[in-house]
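Undergrad: how would this look folded up:
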Amino acid sequence: MKMNKKGQVTVFIILGILIVATIGTFLILKSSSTTEVVEEKQEVVISGTQLSGGVQIFIEQCMKKTAQKAVTFIGERGGYYNLPEQSDNQILLPFYIYKNDKFILSEEELKQQLGLYMEKELPFCLRNFVVFKEHGYEIKREDISAKIKLGNENIFFLITLPITISKDVITTELSIFETSLPSRLKTIYGGVKEFIQKESNHSICISCLTQIGIKNDLQILVNPIGEDKMMFTFIDNQTLFDGDVYEYTFLNNYNFVEQEKKG
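TA: Model (predicted):
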């Protein structure tokens, strides 16, 4: 009987060891599995951030280039991306004074024209993200919407461009992008507006131009275009784009003959 009891104790000890070993192995495997899942999730997050980072930098660089072109283009065409009806279609400039009427655009319209340029021209810089698609990216985008704010020393561009970026098993999204440019367009526009408000279609107020130029630190050029048209260029020497001064140009139509007859 004593031998049987000793045998039973030995069996119980062995079973206990096996149970403890099994539980320990299970816990180790579970811990290892949990660690792998956490590491996998971290890797996906990091990869998603890296995935969107390159695309975001690319878009912001394109925005900066397009914004600079937009401000230059708008200045060269009297504040317009699409010229209005009262324009000279040969030299592609709008009339701010035509016959007896004034047609200068509002500041809100000026911002809309800048936004329109960005919406229409930014895709030509993005090139449908072909540079990323060549490296296995799948990128889908929606329409571009632009909002512009004119500051005294800067222009701010806020772009809504919803895009979905995918590569392998990772997918991420971007939507809002911002950039800004040093520019005194708001000051220039204010000087132009002041001049047009004081101007008539019978004569040029040279003293008005002189005062506006001094007050706003602007150079103003006046060039005749034919017998009844004058081209005005407001120049800002403080703003340089690629080494060139900034110019804002428009036309006025005058009836000098009628004024001479009255005189």
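Undergrad: give me the contact list for stretch 223-239.
TA: 88, 91, 93, 182-184, 187-188, 191-192, 195, 204, 217-222, 245-257 (C-beta atoms under 8 Å, 6 or more residues apart in numbering). C-betas here are computed from N, CA, C, even on glycine.
Undergrad: where does pLDDT dip in the stretch 1-150 of the chain?
TA: The model of the stretch 1-150 of the chain has pLDDT under 70 over residues 1-50.
Undergrad: show me where it has strands.
TA: 87-88, 93-98, 101-102, 138-141, 145-150 (DSSP state E, counting those that start in this stretch).
Undergrad: nearest to L122, of those strands?
TA: Nearest of the strands of the stretch 1-150 of the chain to L122, taken as C-beta to C-beta: strand 145-150 at 8.0 Å.
Undergrad: tell me which residues of that closest one are tucked away?
TA: 146, 148, 150 (16 or more other C-beta atoms under 10 Å).
Undergrad: save the residues you listed as JSON lines, and put in distance to L158 too.
TA: As requested, the buried residues of strand 145-150 are exported to JSON lines (distance: C-beta to C-beta, whole Å):
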{"residue": "A146", "distance to L158": "7"}
{"residue": "I148", "distance to L158": "8"}
{"residue": "L150", "distance to L158": "13"}
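Undergrad: quickly name whichever of those is closest to Q211.
TA: Comparing the buried residues of strand 145-150 against Q211 with C-beta to C-beta picks out L150 as the nearest, at 22.6 Å.
Undergrad: doesn't K186 make contact with that closest one?
TA: Yes - with contact defined as C-beta atoms under 8 Å, L150 reaches K186; the gap is 4.1 Å.
Undergrad: residues bridging contact with the two, i.e. touching both?
TA: Shared contacts of L150 and K186, counting by C-beta under 8 Å, 6+ apart, come down to E107.
Undergrad: most packed of the strands of the stretch 1-150 of the chain?
TA: strand 93-98 (a mean of 21; mean count of other C-beta atoms under 10 Å).
Undergrad: partner strands of it and their direction?
TA: In the sheet, strand 93-98 lines up against strand 87-88 (antiparallel), strand 101-102 (antiparallel), strand 244-253 (parallel) (DSSP bridges).
Undergrad: list of residues touching that strand?
TA: 77-80, 83-84, 86-88, 102-105, 192, 196, 199, 201, 231, 249-254.
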